[in-house]
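> show me the folded form of this:
(chains A, B and C)
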Amino acid sequence: MGDASERAPAAIAQNVIAPAVVAWYREHRRDLPWREPGFPAWGTLVSEFMLQQTPVARVIPRLAEWLDRWPTPGHLAASPAGDAVRAWDRLGYPRRALNLHAAAVAITERHGGRVPPDVDALLELPGVGPYTARAVAVFAYGLRHPVVDTNVRRVLARAVDGAALPGPASTRRDLAAMEALLPDDDADAAVFNAGAMELGAVVCTARSPRCEECPIRSACAWRAAGYPAHEGPRAPVQKRYEGSDRQARGVILGELRRSEVPVPEGALASLWPDAAQFARALAGLERDGLVRAHDDGWVLPD
DNA sequence: CACACGTGGCC
DNA sequence: TGGCCAAGTGT
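Residues are numbered from 1 along each chain as shown, chains lettered A, B, ... in the order given. All right, here's what the predicted structure looks like:
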């Protein structure tokens, strides 16, 4: 008896949620650069790197500059990694720039300069995890995979689980939950993935969701339950940034980005009041490959 | 699995 | 003001 009673809810959800999200997306999608027809797979990969934890609005101008300067993986691979870190500017988490450069080198050396379409090959690239690999496979190549980001996790938590917010992320469970809703057709599946992300980004938002505008409100388990408040473990609160090691790293790297010549360690140290913390931050940057020791001080990597 | 990892905008 | 949040990944 398990089969029918367990499969039925998923089948119903797939028949209701996906078509509604797809129809809504076709009507309401934002015009974003990476959604333009003919946008290259390389552009998709670059945009996904930039979008890892950085808001869309801040990514758009940097992405355009980046692709103008490095229109293919080969172009980026031929530049020093430090140039990538500089061009990354203030997008945050600068090791993403380093990873993107390393990915460009790997693509050039192992994939003939073409961004690979398979999830497994993408996962082997530095800085590419479960989200980015599937996003590229789906949005750049139209393959059928579930794509789960923070927006999708929230939509699923509400619409399917009836919870205000997602619990702790579990890649395996989250992918299975999205897979259960995914249309069979490749193209429909890709649009549904994009639509679920878009829905979470503009309607089913973390704070003040606009449920009146939601295309799946009639199927939403959270709504049916009366919008219960979040219970259970809260996501770990981000540590204070002021005075943190992260801020110290940011100050050091900012100075090196700005300079075309090696910066003496003393000059860097003068930028941070706590000497021990400065030393820790600099050592961490060196360990991450974001800075390199030079005869006359410190520089960005080659 | 928990935590480190930048930066800026919003309420 | 200060906490929360943003198309995650690596360890």
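
> pLDDT-wise, which helix or strand of chain A ranks last?
helix A:2-28 (a mean of 74; mean pLDDT, DSSP states H and E).

> now the next helix or strand after it: how far from the chain's centre is it?
For helix A:2-28, the following helix or strand on the C-terminal side (DSSP states H and E) is helix A:41-51. In terms of Cα atoms, centre = their mean, to the nearest Å, the centre of helix A:41-51 is set 9 Å apart from its chain centre.

> any part of helix A:41-51 near DNA strand B?
No: against DNA strand B, helix A:41-51 shows no contacts by Cβ under 7 Å from any atom of the strand, the least distance being 9.2 Å. Glycine gets a C-beta too; all of them are placed from N, C-alpha and C.

> which other helices and strands contact the helix or strand following that helix?
In the C-terminal direction, the helix or strand that comes right after helix A:41-51 (DSSP H and E) is helix A:56-69. Counting contacts by 3 or more Cβ pairs under 8 Å, 6 or more residues apart in numbering; DSSP states H and E, helix A:56-69 is packed against helix A:41-51, helix A:81-88.

> highest average neighbour count across these?
Across the helices and strands packed on helix A:56-69, averaging neighbours per residue (mean count of other Cβ atoms under 10 Å) puts helix A:41-51 on top, at a mean of 23.

> who in chain A is up against DNA strand B?
So far as Cβ under 7 Å from any atom of the strand goes, chain A lies against DNA strand B at A:53-55, A:58, A:90-95, A:168, A:170, A:207, A:236, A:238-239, A:241, A:244-247, A:249-251, A:253-254, A:284, A:290.

> any of these buried? List them.
Using 16 or more other Cβ atoms under 10 Å as the burial test, the residues of chain A next to DNA strand B include A:Thr54, A:Leu91, A:Tyr93, A:Pro94, A:Arg95, A:Arg246, A:Arg249, A:Gly250, A:Leu253, A:Gly284, A:Leu290 as buried.

> A:Cys211: which of the residues you listed is nearest?
A:Thr54 (27.0 Å; Cβ to Cβ).

> what is the neighbour count of the nearest residue to A:Asp89 once chain neighbours are set aside?
Closest residue to A:Asp89 apart from its sequence neighbours, by Cβ to Cβ, 6 or more residues apart in numbering: A:Arg62 at 6.3 Å. Using other Cβ atoms under 10 Å, the number of residues around A:Arg62 comes to 18.

> mind putting the buried ones among the residues of chain A next to DNA strand B into JSON lines with secondary structure and pLDDT?
Below are these laid out as JSON lines (DSSP: H, G, I helix; E, B strand; the rest coil; pLDDT from 0 to 100):
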{"residue": "A:Thr54", "secondary structure": "coil", "pLDDT": "98"}
{"residue": "A:Leu91", "secondary structure": "coil", "pLDDT": "98"}
{"residue": "A:Tyr93", "secondary structure": "coil", "pLDDT": "98"}
{"residue": "A:Pro94", "secondary structure": "coil", "pLDDT": "98"}
{"residue": "A:Arg95", "secondary structure": "helix", "pLDDT": "98"}
{"residue": "A:Arg246", "secondary structure": "helix", "pLDDT": "97"}
{"residue": "A:Arg249", "secondary structure": "helix", "pLDDT": "98"}
{"residue": "A:Gly250", "secondary structure": "helix", "pLDDT": "98"}
{"residue": "A:Leu253", "secondary structure": "helix", "pLDDT": "98"}
{"residue": "A:Gly284", "secondary structure": "helix", "pLDDT": "98"}
{"residue": "A:Leu290", "secondary structure": "coil", "pLDDT": "98"}
